[in-house]
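> After the sequence you'll find the predicted model.
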Amino acid sequence: MKKERNIDEMIKAALPTEAPSASFVDNIMKQIEAESNVAVTSPRFSTQEVIGIAVVVVLACLALLMAADQASPYQALNELLHSTILKPFESPLYAVGLFILSGLLLLDKLLDKLRLTMV
Amino acid sequence: MESTAELNLINQTLKGDRRAYRTLVELHHLNVFSLVMRIVQQRELAEEIAQDVFLKAFRSLQKFKGTSKFSTWLYRIAYSEAVTSTRKKRFKFEELGEAHASVQDGAFLFDGNVDVEEEQMQLLETAVKGLKNEAQLLLGMYYQQDLSVKEISEITGESESNVKVRLFRIRKQIQESVGALAQQP
């Protein structure tokens, strides 16, 4: 007995089809779940945490300086600022370094601009 | 363009709903597996690659802009992963000869309905099974994955006219094979 069939359907039906194992979809979802858990537990600090840690470190440094020099909190803070931020400015080498660095940054910007103009 | 339901599933997935992604996997896993299987020809490897395809798609779902169908985007990843696993840059299609320019738009299509007997259907199945991997891959993309010539061209890197010519030749080959098989006692 003959029946009418669309040739596209026939080809589709004639193509061999193979299905993956029954656990295929579950395995994918398990891996996604596992990846998400790793992402959640990975040690990433938020901005607040970073600021918090920085404050604790500064306070610890102040406490150490105060303990070592028997100084007041103001003196300790002054010394900390001076030794970490202000002292390097006293050195001419530091000024030269800064000059070179700013020169390089300026040159980089100029090159970028030049590249854009050429495009 | 994307169906609204599928776009909703994608959006839900992006918001963290993993059940939505599970539905997407369930919708496409058979086609992705078939496509990969036709390239790598090893069941276990195909399963491993197909799983990687869905993981990769999940990780880069934010990059999916909806300019093409989700399925096309997914098959592009699948094709690329499968071909890479075979350590080739591209799936090796046979060189095309002279008939290239003579194929008109739509000429590669099978037209209309035909009267078939069960026996002829079996002949057709045998003929299709006897085709080379690359031919089965193209037929699968066109008939099973329901991709257009343009989409197949985007996925495989072959030009649209090449895809048309190949489909045209495969059709001819099937017709010849069915004829030859029918003549056998």
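Good, I have the coordinates.
> Now residue A:58. Nearest residue, chain neighbours left out?
Nearest residue to residue A:58, sequence neighbours excluded (Cβ to Cβ, 6 or more residues apart in numbering or on different chains): residue A:80, at 7.4 Å. C-betas here are computed from N, CA, C, even on glycine.
> what's the burial count for that neighbour?
Counted with other Cβ atoms under 10 Å in any protein chain shown, residues neighbouring residue A:80 total 16.
> Over to residue A:59?
By other Cβ under 10 Å, 10 other residues sit near residue A:59.
> now do residue A:104
With other Cβ under 10 Å as criterion, residue A:104 counts 10.
> Relative to chain B, how far out is it?
Separation of residue A:104 from chain B (Cβ to the nearest Cβ, to the nearest Å): 35 Å.
> Doesn't that residue lie inside a helix?
Yes. Counting by DSSP: H, G, I helix; E, B strand; the rest coil, residue A:104 is found in a helix.
> Let me know the pLDDT of it.
With respect to pLDDT, residue A:104 scores 84.
> Residue B:71 is in contact with residue B:28, isn't it?
Yes. With contact defined as Cβ atoms under 8 Å, residue B:71 counts as touching residue B:28 (6.1 Å).
> could you pull out the strands for the chain?
Went with chain A since none was named. Counting by DSSP state E, the segments of chain A that form strands are A:3-6.
> if you could check chain B rather than the one you did, that'd help
B:113-116.
> Can you report how many residues neighbour the residue in chain A that chain B sits nearest to?
Chain B sits closest to residue A:7 of chain A, with a gap of 3.7 Å, by Cβ to the nearest Cβ. By other Cβ under 10 Å, the residues close to residue A:7 number 18.
> now the one 4 residues further on
Counted with other Cβ under 10 Å, the neighbours of residue A:11 add up to 22.
> before we move on, what about residue B:74?
For residue B:74, using other Cβ under 10 Å, the count is 25.
> Run through the residues that contact it.
By Cβ atoms under 8 Å, 6 or more residues apart in numbering or on different chains, the contact list for residue B:74 reads B:28, B:32, B:53, B:57.
> Repeat the analysis, applying 6 Å as the threshold.
By Cβ atoms under 6 Å, 6 or more residues apart in numbering or on different chains, the contact set of residue B:74 is B:28, B:57.
> Just the pLDDT at it, thanks.
With respect to pLDDT, residue B:74 scores 93.
> how much space is there between it and chain A?
Distance, residue B:74 to chain A, by Cβ to the nearest Cβ: 13 Å.
> returning to that earlier point: pLDDT score for the residue of chain A closest to chain B?
71.
> Do a quick rundown of the helices in chain A.
A:7-14, A:24-41, A:47-69, A:73-81, A:92-118 (DSSP state H).
> Using a markdown table, lay out those together with distance to residue B:142.
As requested, the helices of chain A are exported to a markdown table (distance: least, Cβ to Cβ, whole Å):
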| stretch | distance to residue B:142 |
| --- | --- |
| helix A:7-14 | 8 |
| helix A:24-41 | 24 |
| helix A:47-69 | 52 |
| helix A:73-81 | 73 |
| helix A:92-118 | 45 |
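> burial count for residue 35?
No chain was given, so I picked chain A. 13.
> that's the wrong chain, I meant chain B
Residue B:35, neighbours per other Cβ under 10 Å, totals 27.
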